[in-house]
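J.: here's my sequence, what's the structure:
(one chain, ligands or ions: 1)
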Amino acid sequence: MKKTVIITGAARGIGRACAELFAAHGYQVLINYYRSAVAAAELHRSLKAKGYPVALFQADIRSRPQVDRMVEYCLTELGPIDLLINNAGIAQTSLFVDLSADEWQEMIDTNLTGVFHCTQSVLRTMLPRRQGKIINIASVWGQVGASCEAHYSAAKAGVIGLTKALAKEVGPANIQVNCIAPGIIETGMMDPFTPTEKAALKEQTPLERFGAPEEIAACALFLASDGANFITGQVIGVNGGFVI
Ligand code: NAP
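T.: The predicted structure is shown next:
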């Protein structure tokens with residue numbers, strides 16, 4: 001029987017690489033998107049054309065009613081949810097003293113509260129089945145902090161804390177909760193960085209390159225597999241040695 005995964009922010013970047021890899025490995029995939037309707041429809045079409053069972057749903061993860069409707073839609077279209085990948089997120093750079101309260105709030109609402117909404121909504125369906133996995137996409141900056149990204153670092157550190165606490169709480173129900181902390185990954189999220197800033201980040205990475213979205217997806221596929229059934233509450237660094 002095919003397993004079902006919800007992937008948030010699956011139209012682009014890391015989420016899209018996850019959608020393509022999980023679909024190719026026999027998962028039924030609910031592609032969540034928010035603003036990227038065209039890219040999401042194109043991904044949905046291309047996966048369907050390959051014969052993969054996929055569904056598409058627009059939801060802003062900051063909105064609990066929209067998240068609940070997405071989970072309901074997934075249950076109806078694809079069946080019980082085996083896996084949630086909390087991937088959707090935003091980035092922004094600002095001196096801490098210049099950060100507005102609105103910018104702070106938007107970051108926390110998206111990168112931390114969005115994870116809360118999706119996880120709680122999906123967990124309510126996993127707990128009675130006593131099975132399921134949650135994979136959160138955190139960041140190296142949640143581990144070590146980034147200058148000029150205090151709000152992003154705080155939100156991602158929150159995701160790491162949530163992962164560890166929840167792993168303890170739902171472990172007895174046979175549900176594994178882990179996070180991946182990517183280093184610098186070549187996606188649209190890196191577009192605002194100048195060539196000089198990118199070169200500096202590469203220099204700080206022992207493997208001297210950025211990661212590919214597919215390399216995060218490969219780690220997620222392993223964490224989702226039965227081979228990872230004894231792994232929970234962990235922060236897996238996929239970062240080229242950026243944080244050791
Ligand atoms: P990306 O290409 O900018 O994609 C971000 C995704 O998040 C998009 O699919 C976007 O969906 C979605 N999203 C944003 N706000 C949303 C909302 N309110 N509701 C639903 N979806 C929303 O970035 P990425 O690099 O793939 O990032 C994916 C995750 O990896 C993020 O959590 C990011 O923090 C984390 N990460 C990235 C890096 C990196 O270097 N790239 C490093 C560490 C961690 P729409 O386009 O449909 O709105």
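J.: and the helix or strand harbouring Arg16, which residues are buried?
T.: When elements are assigned from DSSP states H and E, Arg16 belongs to helix 13-24. Within helix 13-24, the residues that count as buried by 16 or more other C-beta atoms under 10 Å are Gly13, Ile14, Gly15, Arg16, Ala17, Cys18, Ala19, Glu20, Leu21, Phe22, Ala23. In short, each C-beta sits where N, CA and C put it, glycine included.
J.: in the residues you listed, find the pair that's most separated.
T.: Greatest spatial distance in those: Gly13 and Ala23, 16.2 Å, computed using C-beta to C-beta.
J.: and for the residue lying closest to Ile135 once chain neighbours are set aside, the neighbour number?
T.: Distances taken as C-beta to C-beta, 6 or more residues apart in numbering place Ile85 nearest to Ile135, at 4.9 Å, with adjacent residues excluded. Per other C-beta atoms under 10 Å, the neighbour tally for Ile85 reads 30.
J.: where does Ile85 land in three-state SS?
T.: Counting by DSSP: H, G, I helix; E, B strand; the rest coil, the backbone at Ile85 sits in strand.
J.: so it versus the ligand, what's the distance?
T.: For Ile85, the distance to the ligand equals 10 Å [C-beta to the nearest ligand atom, to the nearest Å].
J.: thinking that residue is in contact with Ile137, fair?
T.: Yes. Contact criterion C-beta atoms under 8 Å: Ile85 and Ile137 qualify, at 7.1 Å.
J.: got the residues of the protein near the ligand?
T.: Near the ligand, the residues belonging to the chain are 8-9, 11-15, 33-36, 60-62, 87-91, 110, 137, 139, 182, 184-185, 187-190 when assessed by C-beta under 6 Å from any ligand atom.
J.: in helices, which of these fall?
T.: Of the positions in the residues of the chain next to the ligand, Gly13, Ile14, Gly15 sit in helices, assigned by DSSP state H.
J.: make JSON lines out of the residues you listed and add distance to Ala224 and pLDDT.
T.: Shown next, in JSON lines, are these (distance: C-beta to C-beta, whole Å; pLDDT from 0 to 100):
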{"residue": "Gly13", "distance to Ala224": "18", "pLDDT": "98"}
{"residue": "Ile14", "distance to Ala224": "14", "pLDDT": "98"}
{"residue": "Gly15", "distance to Ala224": "14", "pLDDT": "99"}
